[in-house]
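Student: Structure, please.
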Amino acid sequence: MQANACWAVANLAVVAENQGPMVEQYAHRIVLNSMREHANCVAVQHKGVWALINLMSSTKNQQLLKKYGGLLTLTDAIHFLLVAMRNNLVNPTGISEDIQHCGMWLLAALSTDAENRQQIVRESGHTAIIRAMRAHPDNQAIQQCGAWGLRNLCLDPETVQLVERAEGVGTIISGMSRHRDALDVQLHSVWGLINLSDNHDVKLRVIKEGGLTAVIEALQAHVTSLDMCRACFIALVNFSDKGPTLVRMVKEKAHLAVLDAMECHASRAEMQHYACWCLSNMADHPSNKVVVATDGAQTLVQKALKNFRDFPEVQSHGFAALKAMTLNTENLHMCASSKRYSEITHSVWSGLDFQGDRPGYSFSTGATRAPLLSEYEALEPPPAYDTGHAVYVDRAGGYQPVE
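Tutor: Numbering: from 1, shown residues only. Next up, the predicted model:
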């Protein structure tokens, strides 16, 4: 009887127009009472979780629940939801997987609110999510909703260490390796790793356990997805604070994945901005400069600078990438021309000149010292400088293209 009543509530709440009146009539309280009184009945728990999803999935409905039931309503819902997940972690009939999936879906939806996140963590909801993901590693829906829930919970810095101690890092990375072709699993997992990496110690563990490799593989597999490229670029930027990590990125072909994404989304300023940022970080390490440049980064960066002159973010990180790639003779030669004719004295370059200065700027620092690198970095690039061509100025004052 109670299971059928919960299922009726779940079906009626599918229609958006019914949800408000049902909350006003305290349908949610009926469901919670049934789940409390029949905690050991799998059918009641299963149907009750479905009813809660339909009644509480939207933010508007959550506000109604607070109005007609007080804050205790959401607290009770989170409590009984987690009880249902813990009591039905593994069930031979397969219903447990549906309970875990629905439970984590609702936890992820509720965790968009800061107060709900705190309550979920107080009830050890993060451990319930991790246990479910580890118990059902091949269930794509559970992995997706679990990564989504952990992603939201890790928005709070104090929760990051709790998730890390509960083996959340390895669980997310394991889910990514098992479901490489599932875009939603990969996307939520990458964002989960990004939020976890806000803590420096946790970031080191993410990289050590294979998070960097997982992000690179996700970018390679889903390069056509704008959302995936954005997330992977941000993750690579976050991981770029250690020299050994930068070397590892290039060894694992992260720069090639970034270049593929630049070509795939050549018309998107945001993608070009993040890509230039990633390349500037990778090329900043002395061991990576030649490899990154010779694999085609300098060509695509100059193309981005030319196509997005009015976007300061692209210009800033694009010039930074060229600067990082042009700090040795071989890369200077490649970024500029195949032949040199008194370059330092007579040429204008697409980006930085051979002395590290930007065209159109001059320094008067006196004879006692050279300009500092910080002074160069403080400059903004010319707003409409044509970065696509280098020219050679001969001694007679005429112009000719550099070969």
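Student: which stretches of the stretch 301-403 of the chain have low pLDDT?
Tutor: Applying pLDDT under 70 to the stretch 301-403 of the chain flags the ranges 327-403.
Student: Can you get me a residue count around the residue lying closest to residue 96 once chain neighbours are set aside?
Tutor: Closest residue to residue 96 apart from its sequence neighbours, by C-beta to C-beta, 6 or more residues apart in numbering: residue 88 at 4.4 Å. All C-beta atoms are positioned from the backbone trio N, CA, C, and that covers glycine. Neighbours of residue 88 under the rule other C-beta atoms under 10 Å: 22.
Student: Distance of residue 88 relative to residue 99?
Tutor: Distance of residue 88 to residue 99, computed by C-beta to C-beta, to the nearest Å: 5 Å.
Student: those helices in the stretch 51-200 of the chain, which residues are they?
Tutor: 59-69, 71-87, 95-110, 114-122, 125-135, 140-153, 157-165, 168-178, 183-196, 200-208 (DSSP state H, counting those that start in this stretch).
Student: residues contacting residue 78?
Tutor: Contacts here follow C-beta atoms under 8 Å, 6 or more residues apart in numbering; on that basis residue 78 touches 107, 110, 116, 119-120, 123, 125.
Student: how about JSON lines for the residues you listed, with neighbour count and distance to residue 273 added?
Tutor: Formatted as JSON lines, the contacts of residue 78 follow (neighbours: other C-beta atoms under 10 Å; distance: C-beta to C-beta, whole Å):
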{"residue": "107", "neighbour count": "29", "distance to residue 273": "34"}
{"residue": "110", "neighbour count": "25", "distance to residue 273": "33"}
{"residue": "116", "neighbour count": "23", "distance to residue 273": "33"}
{"residue": "119", "neighbour count": "19", "distance to residue 273": "38"}
{"residue": "120", "neighbour count": "26", "distance to residue 273": "35"}
{"residue": "123", "neighbour count": "17", "distance to residue 273": "40"}
{"residue": "125", "neighbour count": "27", "distance to residue 273": "36"}
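Student: quick one: least confident of those?
Tutor: Lowest in pLDDT among the contacts of residue 78 is residue 110, which has 79.
Student: Residue 123 is in contact with that residue, correct?
Tutor: No. Counting by C-beta atoms under 8 Å, residue 110 sits too far from residue 123 to count as a contact (11.3 Å).
Student: among the helices of the stretch 51-200 of the chain, which is nearest residue 227?
Tutor: helix 183-196 (5.9 Å; C-beta to C-beta).
Student: who's in contact with that closest one?
Tutor: Counting by C-beta under 8 Å, 6+ apart, 140, 143-144, 147-148, 150-151, 154-155, 160, 163-164, 168-169, 172-173, 175-176, 179-180, 202-203, 206, 211, 214-215, 218, 221-222, 225, 227-228, 231-232, 234-235, 238 sit against helix 183-196.
Student: Can I get the buried part of these as one ChimeraX selection?
Tutor: Here is the ChimeraX command that selects the buried residues among these (16 or more other C-beta atoms under 10 Å):
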select :140,143,144,147,148,150,151,154,160,163,164,168,169,172,173,175,176,179,202,203,206,211,214,215,218,221,222,225,228,231,232,234,235,238
